[in-house]
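Visitor: this is the structure alone, sequence omitted:
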């Protein structure tokens, strides 16, 4: 039986049985290639969420009108990426089997692979919408195939060509961009083309996994991340894009790559909290209206 975490994200204190959505943390950053600290992201988001209101003036929605269960952080093995991914997959699989929508808080971006494995097992026609500064399409990083620099390449091995839709990408090896031209639907630098994609996926009722690497934001707005890249989007641009994506049939999602100790002002954590609130409310609102 799944028990509610002692400290929950604000407004997410429903029991597992009554919940429509399940929030959980994946505090893992053992393959981080530059600055570590993302393992502390999920707990920081949960703790600092009490600086927010449950109400969103952007969407005119309130978390108290919905049922969200916060299962807390998984206890993951830092010495084995595969073991950590297996534990994430098992948790997400249980949530999906119970007819609920999982929303995972990272952690580094590799954690996405565990949840995608579970979602793909249930939805063989799964598409992935990916917001990020980095392509994450390397075949390996320092001879390791399980790395946050390789996570979308591993996801491609599951879902196949033309099912990964990438936005805001502004960093990667030449080989990654060449791979994207052949195998993914990449929209570099911004959200151009997102609205048209959402209309297409929505009309076909395609199941979507939505992954947000917070370094898609410009480091001027979000410095607290392991691999910041200049030239990113603003919070308001990200919010608008989230409100578009949730019109799709989003069956699972994640928010990752907050490293709270890299921004001692706490501003990056505050931004991450707001992103999670708006994503939760957007998904819940659309699910209610579906």
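Guide: Yes, it's here. Remember, predicted model here, so these are calculated numbers, not experimental data.
Visitor: low-scoring stretches of this protein, by residue?
Guide: In the prediction, the chain carries residues with pLDDT under 70 at positions 1.
Visitor: and the longest helix for it?
Guide: The single longest helix within the chain, with elements called by DSSP state H, is helix 267-289.
Visitor: name the helices or strands packed onto that one?
Guide: The criterion is 3 or more CB pairs under 8 Å, 6 or more residues apart in numbering; DSSP states H and E, and the helices and strands that helix 267-289 contacts are strand 21-26, helix 41-48, strand 55-56, strand 61-62, strand 101-106, strand 207-213, helix 235-245, strand 249-256. (Glycine included, C-beta is placed from N, CA and C.)
Visitor: adding mean neighbour count, write those out as a markdown table.
Guide: Listed next are these as a markdown table, based on neighbours: other CB atoms under 10 Å:
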| stretch | mean neighbour count |
| --- | --- |
| strand 21-26 | 25 |
| helix 41-48 | 23 |
| strand 55-56 | 18 |
| strand 61-62 | 16 |
| strand 101-106 | 25 |
| strand 207-213 | 26 |
| helix 235-245 | 19 |
| strand 249-256 | 24 |
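Visitor: so which of those comes closest to residue 86?
Guide: Shortest distance between residue 86 and these, using CB to CB, is found for strand 21-26: 12.0 Å.
Visitor: list the contacts of the residue most central in space within the chain.
Guide: Nearest to the centroid of the C-alpha atoms of the chain, with distances taken as CA atoms, centre = their mean, sits residue 254, at 2.3 Å. For residue 254, the residues meeting the contact criterion (CB atoms under 8 Å, 6 or more residues apart in numbering) are 26, 103, 104, 105, 106, 111, 112, 115, 210, 211, 212.
Visitor: what's the answer for residue 206, then?
Guide: If a contact means CB under 8 Å, 6+ apart, then residue 206 has 125, 127, 248, 249 as its contacts.
Visitor: among the residues you listed, the buried ones, what's the ChimeraX command?
Guide: In ChimeraX, the members of these classed as buried (16 or more other CB atoms under 10 Å) are selected with the following command:
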select :127,248,249
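Visitor: closest one to residue 258 out of the contacts of residue 206, please.
Guide: Compare each of these with residue 258 using CB to CB and the shortest gap goes to residue 248, at 24.0 Å.
Visitor: contact partners of stretch 185-192?
Guide: By CB under 8 Å, 6+ apart, the list of residues contacting stretch 185-192 reads 135, 162, 164-170, 177, 180, 193-194, 197, 231, 233, 237, 240-241, 244.
Visitor: swap that for stretch 58-65, sorry
Guide: Contacts of stretch 58-65 (CB under 8 Å, 6+ apart): 10-12, 54-56, 239, 243, 277-278, 280-282, 284-285.
Visitor: out of these, which end up buried?
Guide: Buried members of those, scored by 16+ other CB under 10 Å, are 10-12, 54-56, 239, 243, 277-278, 280-282, 284-285.
Visitor: about what we covered before: next step: the contacts of stretch 185-192 restricted to helices.
Guide: If you go by DSSP H, the contacts of stretch 185-192 have 177, 180, 194, 197, 237, 240, 241, 244 in helices.
Visitor: could you work out the most separated pair of those residues?
Guide: Farthest apart among the ones in helices among the contacts of stretch 185-192 by CB to CB are 177 and 240. That separation is 25.6 Å.
Visitor: re the thing from before, relative to strand 207-213, how tilted is the longest helix of the chain?
Guide: Relative orientation of helix 267-289 and strand 207-213, computed by axes from the mean of the first three to the mean of the last three CA atoms, to 10 degrees: 170 degrees.
Visitor: relative orientation of helix 267-289 and helix 41-48 in degrees?
Guide: Going by the same axes, to 10 degrees, helix 267-289 makes 90 degrees with helix 41-48.
Visitor: helix 267-289 to strand 249-256, inter-axis angle?
Guide: With the same axes, to 10 degrees defining the directions, helix 267-289 sits at 170 degrees from strand 249-256.
Visitor: show me how far helix 267-289 is from its chain's centre.
Guide: A distance of 11 Å separates the C-alpha centroid of helix 267-289 from that of its chain, computed with CA atoms, centre = their mean, to the nearest Å.
Visitor: begin at 25 from here
Guide: Yes, from this point I'll number from 25; that puts the last item at helix 291-313.
Visitor: got the angle for that helix vs strand 125-130?
Guide: Angle, helix 291-313 to strand 125-130, by the same axes, to 10 degrees: 170 degrees.
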